[in-house]
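J.: what follows is a predicted structure for the sequence shown.
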Amino acid sequence: MKTAERRTPTRRKTPVERPDADGGVGATARVHRVDGSAGVSAPRPKPLWVEEPALRYRMADPVRTAAVRAVLIVSVTLIQAMVAFFCTLAESWLAFPMVLSSILSTVVATWSVLDVWVTRQVWKQRHGVVSTPSSTARALRRERRRALKQERRAERARTRQERRGGRPEQLSHS
């Protein structure tokens with residue numbers, strides 16, 4: 001197709017679909033053709049994918065950094081272990097140093113995986129975790145608050161009476 005052919009408007013044989021407000025599947029939309037006439041499009045085909053909300057929240061930055069570091073270290077360790085294995089099979093002089101380095105790398109990889117776990121726990125403790133207590137826990141907490149409030153009221157009433165110099169049952173100085 002030449003450039004001039006691309007620039008000239010052509011009459012479309014099928015209507016162009018535009019997304020409607022709700023974006024529903026099978027919705028029809030009013031389309032405007034190049035020649036100026038308007039029409040209603042046929043039902044839209046089913047979309048290729050449907051956006052769904054994430055089931056989990058994104059990891060915190062320090063935790064994600066530690067996890068990436070751990071994945072890299074573990075992958076290098078696995079590569080070293082494979083090289084050590086193949087060097088051993090080939091009876092190469094490099095087998096012994098590779099076995100020693102893969103043992104050391106295994107220790108470092110274990111440490112890095114533990115680092116991810118510790119970093120995650122520390123982040124949760126420092127920044128809190130979004131939690132929704134069960135209705136039972138909420139009811140118990142409410143009862144405890146009521147009891148504390150009643151105790152405070154009774155204590156305040158007692159101290160007021162003592163300041164006035166009267167007995168608790170005496171309401172006025174008569």
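T.: Received the coordinates, thanks. Numbers count the residues shown, from 1 in each chain.

J.: residue 51 in helix, strand or coil?
T.: The three-state label for residue 51, taken from DSSP: H, G, I helix; E, B strand; the rest coil, comes out as coil.

J.: ok, residue 91 next?
T.: Under three-state DSSP, residue 91 comes out as coil.

J.: next one, pLDDT for it please.
T.: Note for residue 91: predicted pLDDT of 92.

J.: again with residue 51
T.: For residue 51, the model assigns a pLDDT of 82.

J.: which outside residues touch stretch 115-125?
T.: Stretch 115-125 has contacts (CB atoms under 8 Å, 6 or more residues apart in numbering) with 59-60, 62-63, 66-67, 69-70. Yep, even glycine has a C-beta here, placed from its N, CA and C like the rest.

J.: buried set for it?
T.: By neighbour count on 16 or more other CB atoms under 10 Å, the buried set for stretch 115-125 is 115-116, 119-120, 123.

J.: could you dump that stretch to CSV, C-alpha only?
T.: Output in CSV follows, covering the C-alpha atoms of stretch 115-125 (Å, rounded to 0.1, in the frame of the first residue of the first chain):
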residue,chain,number,x,y,z
ASP,A,115,16.9,-12.1,55.4
VAL,A,116,13.7,-11.8,53.3
TRP,A,117,11.7,-13.4,56.1
VAL,A,118,13.2,-11.2,58.8
THR,A,119,12.8,-8.1,56.8
ARG,A,120,9.2,-8.9,56.2
GLN,A,121,8.5,-9.5,59.9
VAL,A,122,10.4,-6.3,60.9
TRP,A,123,8.4,-4.3,58.3
LYS,A,124,5.1,-5.7,59.6
GLN,A,125,6.0,-4.8,63.2
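
J.: follow-up on the earlier one: quick check, nearest of the contacts of stretch 115-125 to residue 140?
T.: Set against residue 140, the nearest of the contacts of stretch 115-125 by CB to CB is residue 60 (30.8 Å).

J.: tell me the spacing between that closest one and residue 54.
T.: Residue 60 sits 15 Å away from residue 54, going by CB to CB, to the nearest Å.

J.: give me the more crowded residue out of the two.
T.: For residue 60 versus residue 54, neighbours defined as other CB atoms under 10 Å are more numerous around residue 60 (16 against 6).

J.: which residues does that one contact?
T.: Residue 60 makes contacts with 120, 123, 127, as judged by CB under 8 Å, 6+ apart.
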